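Undergrad: fold the following, please.
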Amino acid sequence: MNVRDRRVQYETAGLDRDDLDASPIRQWHAWYENALEAGLPEPNAMAISTVDDDGVPDTRIVLARGVDDEGITFFGNYESAKGRQLDSHPFASAVFPWLALHRQVRVRGTVEVLSHLESDAYFASRPRESQIGAWASPQSAVISDRTELEDLVARYTAEFEGRDVPRPAHWGGWLLTPRSFEFWQGRPSRLHDRFRYRVDDLGAWVIERLAP
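TA: The predicted structure follows:
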């Protein structure tokens, strides 16, 4: 089928103001639980966008590893394109695409580096192979071929044999502190339900319905 002609009619139940929790974090968790119950793959995956020094947006999928009143945490290589962009421009937007439920959640806010203790704790919880990978991969750098990466994996596997793998200084976490959330529910005829939570001048969440 031609991409232009593909149509999916969203027949899911609507979203009303009374359906929403006063807290966008609690509302996110309610929808996340729905995604889990529906068996969606990687329900904590989010597309996160940053901006480079030319003002050009850059987007990739990462996994959220914590969502609470402090914000959304995620982890990666500080020397990657993502890490360099966040260092220069500490703002990001993210989307959780729960497409099978005809839902998405958009988030926008500021980003800061997590403390060493928080990054150490999460790194220690990762599988050993992933810990080795954090040392081996010069993320976003050009490499000659797969063999170069495999050689680096072998090097660090040997280096840390018989002992715990420490967190490399170039790897850790970030905290996305939301300034706005948008909860989007697909509806028939593309007349979707959209509700935005935004922070007012007093630091309170205000909920507004947006046109589809």
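Undergrad: if you average the pLDDT over stretch 49-64, what comes out?
TA: Stretch 49-64 comes out with an average pLDDT of 98.
Undergrad: mind listing what's buried in it?
TA: 49-51, 62, 64 (16 or more other Cβ atoms under 10 Å). Bear in mind the C-beta positions are built from the backbone N, C-alpha and C, glycine included.
Undergrad: compute the first-to-last residue distance for it.
TA: End-to-end distance for stretch 49-64: 14 Å, by Cα to Cα, to the nearest Å.
Undergrad: count the neighbours of the nearest residue to Gln131 once chain neighbours are set aside for me.
TA: Distances taken as Cβ to Cβ, 6 or more residues apart in numbering place Val165 nearest to Gln131, at 4.0 Å, with adjacent residues excluded. Neighbour count for Val165, taken as other Cβ atoms under 10 Å: 20.
Undergrad: one more: Pro178?
TA: 24.
Undergrad: longest strand in this structure, please.
TA: Longest strand of the chain, by residue count under DSSP state E: strand 171-185.
Undergrad: how about residues contacting the helix or strand following that one?
TA: Following strand 171-185 in sequence order, the next helix or strand is strand 193-199 (DSSP states H and E). If you take Cβ atoms under 8 Å, 6 or more residues apart in numbering as the criterion, strand 193-199 is touched by 14-17, 20, 24, 27, 179-185, 187, 205-212.
Undergrad: quick check: buried residues in the following helix or strand past strand 193-199?
TA: Counting by DSSP H and E, the next helix or strand C-terminal to strand 193-199 is strand 205-210. Neighbour counts over strand 205-210 (16+ other Cβ under 10 Å) mark 205, 207 as buried.
Undergrad: can you name the residues bridging to the nearest residue to Val113 once chain neighbours are set aside?
TA: Leaving out its chain neighbours, the residue that sits closest to Val113 by Cβ to Cβ, 6+ apart is Trp174, at 6.0 Å. Trp174 has the following beta-bridge partners by DSSP bridges: Phe74, Val113.
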